[in-house]
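Asks: Quick one: sequence plus predicted model below, questions after.
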Amino acid sequence: MADNRSGSAGTFLAGAIVGVAIGAVTGLLLAPRTGRETRRLLKKSADALPEIAEDISSSVQIQADRLSGSALKNWDGTLSRLKEAIAVGIEASQRDRQATAQKDPRPAPDPRPPARDSSLT
């Protein structure tokens, strides 16, 4: 549950940064300034875009690392439970086979297919 919240925070942060950038550009285009002033402000905003993109990239990388670690931990737990379940199933099958063998003294059938008689060919 905490991992989900941290993922939402990273998504919110990335969305907020993009929203601020879009709002700044829109505000500059609609502001009552001279063309020269507007171009100067747009250049400053454009110069800041690589830094904003780097921040978003870092945030996304951090979230990806967290999700990867969480997925790996969950996979390890699932794999451990699966191994335990298989071991318990094998043990139960062996106990059942032994109990059945004790009740029925006849030998168990051979699971191998019958041998072919070479004299018939």
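Replies: It's in. Everything numeric here is computed off the predicted structure, so don't read it as measured data. Numbering: from 1, shown residues only.
Asks: Find the residue at the geometric middle of the protein.
Replies: For the chain, the residue nearest the mean C-alpha position is Ala71 (5.0 Å; C-alpha atoms, centre = their mean).
Asks: So for that residue, what's the pLDDT?
Replies: Reported pLDDT at Ala71 in the predicted model: 83.
Asks: repeat for Ala85
Replies: According to the model's per-residue confidence, Ala85 sits at a pLDDT of 93.
Asks: Now do the buried residues in stretch 61-80.
Replies: Residues of stretch 61-80 classed as buried under the neighbour-count rule (16 or more other C-beta atoms under 10 Å) are Gln63. Glycine gets a C-beta too; all of them are placed from N, C-alpha and C.
Asks: Skipping its backbone neighbours, what lies nearest Ala31 in space?
Replies: Distances taken as C-beta to C-beta, 6 or more residues apart in numbering place Thr38 nearest to Ala31, at 7.0 Å, with adjacent residues excluded.
Asks: Return the distance of the longest helix anywhere in the chain from the chain's centre.
Replies: Longest among the helix segments of the chain by residue count, using DSSP state H, is helix 35-103. How far helix 35-103 lies from its chain's middle: 3 Å, per C-alpha atoms, centre = their mean, to the nearest Å.
Asks: Now do that helix: which elements does it pack against?
Replies: The contact analysis (3 or more C-beta pairs under 8 Å, 6 or more residues apart in numbering; DSSP states H and E) places helix 35-103 against helix 2-30.
Asks: now the helix it packs on: mean pLDDT?
Replies: Per-residue scores along helix 2-30 average to 72.
Asks: now do stretch 48-68
Replies: Along stretch 48-68, the predicted local confidence has a mean pLDDT of 84.
Asks: And stretch 101-113, by the same measure?
Replies: The pLDDT scores in stretch 101-113 average 68.
Asks: Start and end of that stretch, how far apart?
Replies: Stretch 101-113 has an end-to-end distance of 21 Å (criterion: C-alpha to C-alpha, to the nearest Å).
Asks: Number the residues from 43 up from this point.
Replies: Renumbered: residue one is now 43, and that last one reads stretch 143-155.
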